[in-house]
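J.: heads up, no residue letters with this:
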């Protein structure tokens, strides 16, 4: 998606350790107009997939998933939580995920009443790198017995294994921008799609 | 807002300790159509306020703020974070908040580059009860030197002090549903507005 690639080049910041900061428009401050275009693109790619629910994980995925849902006929969005709160009672799906960003393991939880075999799900997140958070979400989908119609990612780090592994497992992964290299001159190389 | 009150009566669940669970439509599973109506209502109430940014806090506020921003001409949304991550570098505004839901104090942080004196902010959240999270956000607004044009809340617990105190301080607080009583027969009484 050219619009997203151009925005990454314009406002993204490269940090040591192959960290790409996009907090000016995607995951701290949010450019809602850009998110609408991202949502339309996911809807175009998965137009015939019969999606009836969008699954994401707090916090950065929530805005992207919510805006995108509007282009899927306002299907419900459900987001997995990263900590168990007092207000999450009832039966939960749980999976353990390691977060590189936060430097620790955490539980991902989802109330069982909001995901089940009747659901045909698009899983959305802002980043895909090693795929640990996504595998946690897919683990929850497996526990729920729902169908995973596809995975929609804004930015994939193509030099890490998450995307390749998920595609080898047969998932339809749509990454709107795939960064294949962080170059030494502080530029990025995107994969041709 | 009748639509929201009716939805609370239909799908909200009352728990001991004056807890109102609305996870079926507002803060775990998200009804995007309802959120659009909520966003339109905030836009109607604050139509003449000249808002150029929406501030919220992760996680539940993000969807509401992002959908609402569309009815304010796609103004940027910025959300405060509840934990310091490795990727939050640069200068931060910080405030300490006690969470009843999570049973502990936590830091609320926001990158200084995303809020400043040039901003005229609508602060949005899903719930207002004692107002602790909101006071943390307003503390950050004070540090940033921005103008607070208003506060938009989906559900206020009118029997707690947060809303009253904020109104006494001069803030324009728009709560779309105010629960004044949890009755003994498991019904709710909404404030007439």
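T.: Happy to help now that I have it. Because the structure is predicted, anything quoted here is derived from the model rather than measured. Numbering: from 1, shown residues only, chains lettered A, B, ... in the order given.
J.: name the nearest residue to the spatially most central residue of chain A, ignoring sequence neighbours.
T.: Residue closest to the mean C-alpha point of chain A, counted by C-alpha atoms, centre = their mean, is residue A:125 at 1.2 Å. Closest residue to residue A:125 apart from its sequence neighbours, by C-beta to C-beta, 6 or more residues apart in numbering or on different chains: residue A:61 at 4.7 Å. (Each C-beta comes from the backbone N, C-alpha and C, glycine too.)
J.: the one you found: what secondary structure?
T.: Secondary structure, DSSP: H, G, I helix; E, B strand; the rest coil: residue A:61 is helix.
J.: and what of the one 5 residues further on?
T.: On the three-state scheme (three-state DSSP), residue A:66 is labelled helix.
J.: that one: what's it in contact with?
T.: By C-beta atoms under 8 Å, 6 or more residues apart in numbering or on different chains, residue A:66 lies in contact with A:77, B:30, B:32, B:35, B:62-63, B:66-67.
J.: 7 Å - rerun?
T.: Going by C-beta atoms under 7 Å, 6 or more residues apart in numbering or on different chains, residue A:66 touches A:77, B:30, B:32, B:63, B:66-67.
J.: which residues touch the helix or strand where residue A:139 lies?
T.: Using DSSP states H and E, the element containing residue A:139 is helix A:132-144. Helix A:132-144 is contacted by residues A:55, A:57, A:80, A:93, A:95, A:97-98, A:108, A:110, A:115-116, A:121, A:123, A:125, A:128, A:148, A:151, A:162, A:166 when judged by C-beta under 7 Å, 6+ apart.
J.: how far away from the center of its chain is the helix or strand just after it?
T.: Reading on from helix A:132-144 to the C-terminus, the next helix or strand found by DSSP H and E is strand A:147-157. Distance of strand A:147-157 from its chain centroid, counting by C-alpha atoms, centre = their mean, to the nearest Å, is 6 Å.
J.: specify the angle between strand A:147-157 and helix A:132-144 in degrees.
T.: 180 degrees (axes from the mean of the first three to the mean of the last three C-alpha atoms, to 10 degrees).
J.: tell me what strand A:147-157 is packed against?
T.: Counting contacts by 3 or more C-beta pairs under 7 Å, 6 or more residues apart in numbering or on different chains; DSSP states H and E, strand A:147-157 packs against strand A:120-128, helix A:132-144, strand A:173-182.
J.: do you know how far residue A:146 is from residue B:32?
T.: According to C-beta to C-beta, to the nearest Å, residue A:146 stands 19 Å off from residue B:32.
J.: what stretches of chain A score poorly on pLDDT?
T.: Residues of chain A that meet the criterion pLDDT under 70 lie in A:84-89, A:101-102.
J.: kindly report the residues of it close to chain B.
T.: A:19, A:21, A:23, A:28-33, A:58-59, A:62-63, A:66-67, A:69-70, A:74, A:76-79, A:83, A:85-87, A:101-103, A:111, A:114 (C-beta under 7 Å from any C-beta of the partner chain).
J.: can you say which of these are buried?
T.: A:19, A:21, A:23, A:28-33, A:58-59, A:62-63, A:66-67, A:69-70, A:76-79, A:87, A:111, A:114 (16 or more other C-beta atoms under 10 Å in any protein chain shown).
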